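Engineer: Provided below are the primary sequence and the corresponding predicted coordinates.
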Amino acid sequence: MLTITTRSRIERFTLPPVTTTQRTTIPPGVAAGHPATAEAGLRALAAGGTAADAAVAAVLASAASESIFTGLGGGGFAVYYDAATREVTCLDFFCAAPGLDGDVTAGEMVPIEVAFGEVPVTYSIGGASVAVPGVPAGCGEVHRRWGALPWERVVEPAMLLARTGVVLPAEHARTLGGVGPALAYGDGDVVYRTQGRYLTGGERLFHPGLENAMAGLAEEGPSVFYTGRFGKMTVDAVRATGGTLGPADLAAYRVIELPLAEATLAGHRVLARHDLNALITTIAALPPTLATMPRPARAVAVARTLADPHAQRLGDTTNVSAVDAHGNACVITTTLGLSAGVWLPGLGVNLNSMLGETELITDDLAPGRRVSSMMCPLVVLDPDHSLVLAAGSAGASRIRTALVHTLIATLIDNLDMPAAIARPRFHLVGDDVHAEDGVPEDELEALTAAGFAVNRWDHTSHYFGGVSAVGRSGVAADPRRGGGAALL
């Protein structure tokens with residue numbers, strides 16, 4: 001059985017008991033990166049499930065509906081808010097570095113050139129890029145702690161989607177057009193291409209064998225991917241393509257509980273983990289007078305706070321946010337990287353390419369240790385410690401940007417959730433401002449006058465992240481990525 005390892009000095013945020021009025025402030029709902037993903041979560045809520053049941057059902061469904069971004073072979077993070085106890089918990093089930101077996105040497109990774117906007121970028125995939133996946137273990141642990149429905153019931157919507165396939169949104173198809181050389185590598189060709197071209201919006205995305213993977217997961221639980229029969233298949237597939245992942249790596253994998261950090265924005269507490277892109281530190285560094293600044297001056301203040309040296313990386317990531325009828329919230333962000341192009345035979349599962357993501361590889365990475373990540377699911381509490389919103393985002397280095405803009409729009413400008421997420425954003429790379437079409441002209445002029453080089457985009461784009469959130473101001477999923485959201 002998989003167990004959880006708790007890091008020392010875990011900070012738990014446990015607050016006074018919540019009242020019935022506070023518990024029902026936010027209507028139950030789900031926001032996710034695909035309408036079918038959100039529907040899977042809503043089914044769990046309708047069946048009497050908790051926010052954890054809904055989020056896990058949606059994450060598993062995303063393996064069928066959003067495999068351009070995520071899948072069972074990836075990793076992620078979860079944040080859970082318990083309305084009865086006021087406790088906020090963060091779980092780390094991100095990918096771990098392999099090599100504990102120590103019996104093989106990694107081969108060469110496969111260089112793949114993908115389109116990053118109009119700029120070609122080289123990534124590395126193949127077996128040598130595969131880290132130990134965490135999604136099955138993470139989903140199992142979230143369900144074990146906070147779920148109410150039987151495990152088989154939570155997996156069922158994903159199994160049904162795997163059986164029929166799903167309609168590919170136009171926004172996903174645009175992403176596929178850029179990263180297709182990685183996704184359609186090897187066995188992925190039959191999944192993402194048809195008649196010599198990539199799938200387009202409105203066509204069916206289908207993964208041969210994924211129904212079998214979901215059936216095994218439902219029957220045997222998450223351990224089937226670690227110490228069970230799918231674990232051996234994973235080792236064989238990775239090692240046949242030059243990777244080092246072995247049985248000891250899978251057997252040793254554990255879900256980890258992380259300390260939470262917090263920052264204050266407009267009198268609200270924002271709680272999340274410490275991520276590689278320092279979201280909480282960024283929020284804490286925003287000027288306390290942000291709410292009273294004119295919009296152009298505020299844009300400059302936000303830009304100065306966001307400015308960082310991170311390279312522009314595409315990042316295939318997705319997020320699910322769920323709130324149940326009792327006011328519990330669960331946010332789960334997952335990713336495959338760009339995917340390794342290493343598929344488990346007969347299971348329709350593509351493995352992650354985390355070791356090929358150079359910006360995530362740190363000097364202290366060793367066998368068994370977690371790869372770093374910019375993913376940062378969060379919850380926001382009001383001064384009375386009741387839930388205001390639950391949110392997360394896709395977008396690699398733009399995750400922080402997307403969430404900062406969304407939180408400002410909701411907590412300071414009081415926009416409803418759909419308007420807050422849809423509002424045009426700008427992202428900083430060093431001193432360069434990448435501005436979506438629709439950012440107000442006076443803000444762009446102020447940024448230029450402040451010394452930033454402004455790159456004006458003539459359209460909105462998935463480049464600027466993919467937020468999904470449920471809160472007092474509504475429920476919404478990012479239109480940039482073809483998301484879906486609804487209240488129960």
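Structural biologist: In hand now; what should we look at?

Engineer: Next, the closest residue to residue 42 other than its chain neighbours: secondary structure please.
Structural biologist: Spatial nearest neighbour of residue 42, chain neighbours left out: residue 30 (5.3 Å); criterion: C-beta to C-beta, 6 or more residues apart in numbering. For every residue, glycine as well, the C-beta is placed using N, CA and C. Assigned with DSSP: H, G, I helix; E, B strand; the rest coil, residue 30 falls in the strand class.

Engineer: which residues does residue 30 contact?
Structural biologist: By C-beta atoms under 8 Å, 6 or more residues apart in numbering, residue 30 lies in contact with 38, 41-42, 45, 54-55, 58, 320-322, 470, 475, 485-486.

Engineer: If you average pLDDT per helix and strand, which one of this structure comes out bottom?
Structural biologist: Within the chain, confidence by mean pLDDT, DSSP states H and E is lowest for strand 4-6 among all helices and strands, at a mean of 33.

Engineer: returning to that earlier point: give me the lowest-pLDDT entry from the contacts of residue 30.
Structural biologist: Lowest pLDDT among the contacts of residue 30: residue 486, with 94.

Engineer: Give the pairing partners of the regular element (helix or strand) spanning that one; include direction for each.
Structural biologist: For residue 486, the host element (DSSP states H and E) is strand 484-487. Strand 484-487 has its sheet partners listed here by DSSP bridges as strand 29-32 (antiparallel).

Engineer: before we move on, the earlier item: show residues contacting the strand holding residue 486.
Structural biologist: 27-39, 42, 468, 470, 475-477.

Engineer: Who does whichever strand or helix holds residue 333 pair with, and is each partner parallel or antiparallel?
Structural biologist: If you go by DSSP H and E, residue 333 is part of strand 329-337. Note on strand 329-337: by DSSP bridges, its sheet partners are strand 75-82 (antiparallel), strand 316-323 (antiparallel).

Engineer: From the chain's centroid, how far away is the first one?
Structural biologist: Here strand 75-82 is found 10 Å from its chain centre; the criterion is C-alpha atoms, centre = their mean, to the nearest Å.

Engineer: How about it, which residues are buried there?
Structural biologist: Buried residues in strand 75-82, counted by 16 or more other C-beta atoms under 10 Å: 75-82.

Engineer: Following element in sequence after that strand, please.
Structural biologist: Using DSSP H and E, the helix or strand that directly follows strand 75-82 along the chain is strand 87-93.

Engineer: Using PDB, write out every CA atom in the following helix or strand past that following strand.
Structural biologist: Per DSSP H and E, strand 87-93 leads on to strand 110-116 as the next helix or strand towards the C-terminus. The C-alpha trace of strand 110-116 is given here as PDB (Å, rounded to 0.1, in the frame of the first residue of the first chain):
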ATOM      1  CA  VAL A 110      15.600  12.800 -27.700                       C
ATOM      2  CA  PRO A 111      15.700  16.500 -28.800                       C
ATOM      3  CA  ILE A 112      12.400  17.700 -30.100                       C
ATOM      4  CA  GLU A 113      11.700  21.100 -31.600                       C
ATOM      5  CA  VAL A 114       8.300  22.600 -30.700                       C
ATOM      6  CA  ALA A 115       6.800  26.000 -31.600                       C
ATOM      7  CA  PHE A 116       6.700  28.500 -28.700                       C
END
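
Engineer: quick one on the thing from earlier: so which of the buried residues of strand 75-82 is the closest to residue 338?
Structural biologist: Set against residue 338, the nearest of the buried residues of strand 75-82 by C-beta to C-beta is residue 75 (13.6 Å).

Engineer: In terms of secondary structure, what does the helix or strand hosting residue 218 contact?
Structural biologist: Under the criterion of DSSP H and E, residue 218 resides in helix 210-220. For helix 210-220, the packing partners by 3 or more C-beta pairs under 8 Å, 6 or more residues apart in numbering; DSSP states H and E come out as helix 51-65, helix 151-164, helix 229-240.

Engineer: Write the ChimeraX selection for whichever of the contacts of strand 484-487 are buried.
Structural biologist: Per 16+ other C-beta under 10 Å, the buried members of the contacts of strand 484-487 correspond to this ChimeraX selection:
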select :28,29,30,31,32,33,34,35,36,37,38,39,42,468,470,475,476,477
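
Engineer: among the contacts of strand 484-487, which are in strands?
Structural biologist: In strands, defined here by DSSP state E, the members of these are 29-32, 468, 470, 475-477.

Engineer: The residue positioned nearest the centre of the chain pairs with what?
Structural biologist: Computing the C-alpha centroid of the chain and ranking residues by C-alpha atoms, centre = their mean puts residue 333 first, at 2.7 Å. Beta bridges link residue 333 to residue 77, residue 319, judged by DSSP bridges.

Engineer: In terms of pLDDT, where does it sit?
Structural biologist: In this prediction, residue 333 has a pLDDT value of 98.

Engineer: wait, isn't it in contact with residue 318?
Structural biologist: Yes - shown here, residue 333 and residue 318 form a contact pair, counting by C-beta atoms under 8 Å, at 7.3 Å.

Engineer: what sits in contact with each of these two?
Structural biologist: With C-beta under 8 Å, 6+ apart, residue 333 and residue 318 have common neighbours residue 394.

Engineer: picking up where we left off before, output the contacts of residue 30 in JSON lines, with distance to residue 432 appended to each entry.
Structural biologist: Formatted as JSON lines, the contacts of residue 30 follow (distance: C-beta to C-beta, whole Å):
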{"residue": "38", "distance to residue 432": "34"}
{"residue": "41", "distance to residue 432": "37"}
{"residue": "42", "distance to residue 432": "40"}
{"residue": "45", "distance to residue 432": "42"}
{"residue": "54", "distance to residue 432": "39"}
{"residue": "55", "distance to residue 432": "35"}
{"residue": "58", "distance to residue 432": "35"}
{"residue": "320", "distance to residue 432": "31"}
{"residue": "321", "distance to residue 432": "30"}
{"residue": "322", "distance to residue 432": "36"}
{"residue": "470", "distance to residue 432": "33"}
{"residue": "475", "distance to residue 432": "33"}
{"residue": "485", "distance to residue 432": "32"}
{"residue": "486", "distance to residue 432": "37"}
